[in-house]
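Trainee: Show me the folded form of this:
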Amino acid sequence: MAGRVGLGEGAGLFGLAAALTLVLVPYLIQTLVWLGAGKQIRAEGPASHLSKAGTPSMGGVIFVGVTVLLGSLFLAGKDSGVAVLLTLVTATMLLGMVDDLLSSARYRRGGLRARPKLAWQSGIAAGAVLLQYLGPGLPPQKIPGFGSLSATWVIGPLAVLAIVAATHAVNLTDGLDGLAGSTTSVALAAFAVIAYHQGQESVGTLCLIALGAVIGFLWYNVHPARLFMGDAGSLALGSLLGGLALVTGQIVALIPIGTVFVAETLSVIIQVTYFKRTGGKRIFRISPIHHHFEALDCRET
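Mentor: Prediction:
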């Protein structure tokens with residue numbers, strides 16, 4: 001059964017999450033430097049990014065860890081849907097950590113290959129949707145102009161697709177200092193408003209906890225970044241957005257809420273498709289599209 005959590009408690013946990021992240025990040029930076037978990041910069045990216053080589057990555061473990069810790073302590077026992085979300089983000093964070101370590105300056109293995117990585121993402125998403133189905137159940141999904149969709153055999157696959165797509169999209173967006181964190185913050189705030197409006201106080205509070213943790217992280221991640229979130233952060237944030245869309249019954253709303261993520265993903269799809277069909281021609285100078293703007297001499301900030 002879902003428990004009630006007041007907005008005041010949510011605001012308090014938001015502040016606590018931000019404070020914990022602000023305090024813990026410097027220690028994480030020192031640890032990552034010691035581990036040699038510096039970022040390798042791909043040669044085909046913008047030349048201006050070469051100076052970022054060696055910047056500690058995998059910073060997402062802090063804001064995900066703070067979110068999971070506070071969510072487990074204050075919310076998981078009140079709402080089984082929140083417990084599913086926390087399981088989902090923990091699993092995707094661990095997957096991202098493996099990818100970050102393999103692509104770090106110390107190991108230099110280029111990270112996980114695309115197909116195994118996608119297979120793991122899909123398996124984690126399917127597992128989370130199954131847990132939701134067996135526990136609190138798959139909520140009806142609101143379709144603007146058409147009412148709601150309640151057929152679980154449709155919602156299940158749709159939810160898996162939404163989680164995988166959101167995970168991949170946020171991962172693609174994580175290419176400029178502060179970009180993924182700031183855009184995800186807007187999306188988390190939107191889902192917080194939706195959840196509280198629908199009476200899902202625990203889910204709304206989880207959004208506020210994650211939002212506070214991400215804002216605390218952004219203090220170190222905005223340009224010039226002292227720490228990157230890495231796949232440990234971007235995969236977890238993307239999966240969280242997809243999971244929130246499912247439990248709030250707002251999978252369709254994920255598209256306008258994640259407009260930036262949709263644009264980033266489409267830019268890659270368009271670029272790759274056009275490149276293959278034209279024998280090597282490009283629409284964008286570099287994709288994802290944030291790098292295209294950089295190639296047009298737009299400053300990173």
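Trainee: now what about stretch 127-145, what contacts it?
Mentor: 2, 79-81, 83-85, 87-88, 91, 148-150, 152, 155-156, 158-160, 163, 239, 243, 246-253 (CB atoms under 8 Å, 6 or more residues apart in numbering). C-beta coordinates here come from the backbone N, C-alpha and C atoms, glycine included.
Trainee: Low-confidence stretches in the protein?
Mentor: 1-4, 36-54, 105-110 (pLDDT under 70).
Trainee: Report the central residue of it.
Mentor: The residue lying closest to the centre of the chain (CA atoms, centre = their mean) is residue 237, at 1.9 Å.
Trainee: pretty sure it is touching residue 170, no?
Mentor: Yes. Counting by CB atoms under 8 Å, residue 237 does reach residue 170; the two are 5.2 Å apart.
Trainee: list residues touching both of these two?
Mentor: Common neighbours of residue 237 and residue 170 (criterion: CB under 8 Å, 6+ apart): 180, 184.
Trainee: that older thread, next step: the contacts of stretch 127-145 restricted to helices.
Mentor: Using DSSP state H, the subset of those located in helices is 80-81, 83-85, 87-88, 91, 152, 155-156, 158-160, 163, 239, 243, 246-247.
Trainee: List buried members of the residues you listed by neighbour count.
Mentor: Taking 16 or more other CB atoms under 10 Å as the criterion, what is buried in these is 80-81, 83-85, 87-88, 91, 155-156, 158-160, 163, 239, 243, 246-247.
Trainee: Was I right to think residue 271 contacts residue 282?
Mentor: Yes. Between residue 271 and residue 282 there is a contact at 6.3 Å, judged by CB under 8 Å.
Trainee: Which one's more surrounded, the two?
Mentor: residue 271 (19 against 14; other CB atoms under 10 Å).
Trainee: did I read that right, that one in a helix?
Mentor: Yes. Assessed with DSSP: H, G, I helix; E, B strand; the rest coil, residue 271 lies in a helix.
Trainee: Nearest residue to it in space, please, no chain neighbours.
Mentor: residue 287 (4.0 Å; CB to CB, 6 or more residues apart in numbering).
Trainee: host element of that neighbour?
Mentor: Residue 287 is part of no helix or strand, with elements assigned from DSSP states H and E.
Trainee: Quick one: neighbours of it, just the number.
Mentor: 22.
Trainee: Please look at it and residue 266 and confirm they touch.
Mentor: No. Contact criterion CB under 8 Å: residue 287 and residue 266 do not qualify, at 9.6 Å.
Trainee: Can you name every helix or strand that the top helix by length along the chain contacts?
Mentor: Using DSSP H to define each element, the chain has its longest helix at helix 7-35. Under the contact criterion of 3 or more CB pairs under 8 Å, 6 or more residues apart in numbering; DSSP states H and E, helix 7-35 touches helix 60-74, helix 179-197, helix 201-221.
Trainee: Point out the most buried one among those.
Mentor: Highest mean neighbour count of these: helix 201-221, a mean of 26 (counted as mean count of other CB atoms under 10 Å).
Trainee: if I pick residue 292, what's in contact with it?
Mentor: Neighbouring residues of residue 292 by CB under 8 Å, 6+ apart: 267, 284-286.
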